Every structure is written in structure tokens, then in C-alpha cells.
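>>> Sharing a sequence plus its predicted fold:
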Amino acid sequence: MSIPNIITFGRILIVPVAVYFILAGELGVAFWLFVGAGISDAVDGAVARMFRARTVLGAYLDPIADKALLVSVYVSLGHVGELPLWLVILVVFRDAMIVGGVMLLYTLKESLAMQPLYISKINTAVQIALVAVVLAPAGLGLPEFQLAGMPAAELLVWTCVATTVLSGLAYVYRGGLLFNRHGGVP
């Protein structure tokens, strides 16, 4: 296994630890684990590019690690009341819909390049920013962040809703095009 894949696997192992600390009310520790996971994501990508160590496994493992972390953290933050449950359901539903679509297309023998859409990249950045804004005050000992006179988390919640819905619809459209290549149901 390559060094970038080992780093990515380590990020996957952080997931249950971060969930534990969120559920235990230790949001400061969860913040630093989340930051560490983000740094490891940047490091594994940089190492893979610098040393030409990109692998097929890494192409699949990296987005799995990212989604495992984000979905788990969202569910945990929803459970402890730090994120609205309806937002957690929306985020998880979108990801489940994408995974289900990929599995369906795979069963139809459709070759898929693991290339996220641009709106999906924006959505991921917004989801990460929202988690950071929720966890950072505890992790850094700071008051709640404000933007334009309103809580930054509230602004990011609505931005997250918009980008989650838009990216979900974009993936449904893209999946529909691929599905129609097979004339619908095989």
C-alpha cells in the first residue's frame, strides 16, 4: 500500500474517534481531530502528486474517507443539537442517493470516472466550513463567529442547503444521462 493510501486510511480511522468526542461533548478535541483530518487530506494528495504515487485504490479511498468523516460528523453534531436535524437528513440523503446511483450504474456495467462535479466541490467546502464554524469556538476557546451581524453557522447552514440541493440535482441529471444510455431498465 502506498504512503498516500496509508495516510487516507488513517483519516478513516479518525472518524469513530471524532464521533466519540462529539457525542461525549468534547467539541474542542473533535475540532482538532477534524483539523488533523483536513491536513491529512491535503498531505496525502500532495504526496501522491509529488511522488507520482496515485493509485486506483487511492482514487476510491480518498472520497470514501472524506464522506465517511463528513457524514459521521454531521450525524453526530445533529445528535448533540449543534446542527439542525433536517440539515443532517438532507446532507446524508444526498450522499446516499449518489452512492445508490453509482451502485446502480455499476450494475449496468457503466464505467464511472470518480470525478466530482464543480458544485459538489463547492458543497464539500461549505460542509467543511460549517463543521469548522460549529466546532472552532470550543476548540479555540473563542465566541461564536459572526458574519454581517448574524451567526456564521446560520449563514453557512443556508449556504449548505443551497449547495447540497444543487449538487444533488446535478448528480441526478448526470446519472439520468448515463442511465438513459442503457435505454432505462436493462
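All right, it came through fine.
>>> Do me a favour and get the end-to-end distance for stretch 48-67?
By CA to CA, to the nearest Å, the extent of stretch 48-67 from end to end equals 20 Å.
>>> so residue 143, which of the three states?
coil (DSSP: H, G, I helix; E, B strand; the rest coil).
>>> burial measure for residue 174, as a count.
The number of residues packed near residue 174 is 14, by other CB atoms under 10 Å. (C-beta placed from N, C-alpha, C; glycine too.)
>>> OK, contacts around the residue nearest to it when sequence neighbours are not counted?
Excluding the flanking residues, the one nearest residue 174 by CB to CB, 6 or more residues apart in numbering is residue 117, at 7.0 Å. Residues in contact with residue 117 (CB atoms under 8 Å, 6 or more residues apart in numbering) are 167, 170, 171, 174.
>>> Out of those residues, the closest to residue 29 would be?
When these are ranked by distance to residue 29 (CB to CB), residue 167 comes first, at 30.2 Å.
>>> Surely the closest one touches residue 125?
No. Using CB atoms under 8 Å, residue 167 is not in contact with residue 125, being 11.2 Å away.
>>> higher neighbour count, these two?
The neighbour count for residue 167 versus residue 125, taken as other CB under 10 Å, is higher for residue 167 (22 against 12).
>>> List the buried residues in the helix or strand where that one lies.
Using DSSP states H and E, residue 167 falls within helix 152-180. Using 16 or more other CB atoms under 10 Å as the test for burial, helix 152-180 gives 152-153, 155-157, 159-161, 163-164, 167-168, 171, 175, 178-179.
>>> avg pLDDT for that helix?
For helix 152-180, mean pLDDT is 94.
>>> what's the offset of that helix from the middle of its chain?
Remark: helix 152-180 is offset 13 Å from the chain centroid, using CA atoms, centre = their mean, to the nearest Å.
>>> Equivalent analysis for stretch 14-21, please.
Chain-centre distance of stretch 14-21: 15 Å, with CA atoms, centre = their mean.
>>> hmm, back to that, show me what the helix holding residue 167 is packed up against.
Helix 152-180 is packed against helix 85-107, helix 118-140, with contacts defined by 3 or more CB pairs under 8 Å, 6 or more residues apart in numbering; DSSP states H and E.
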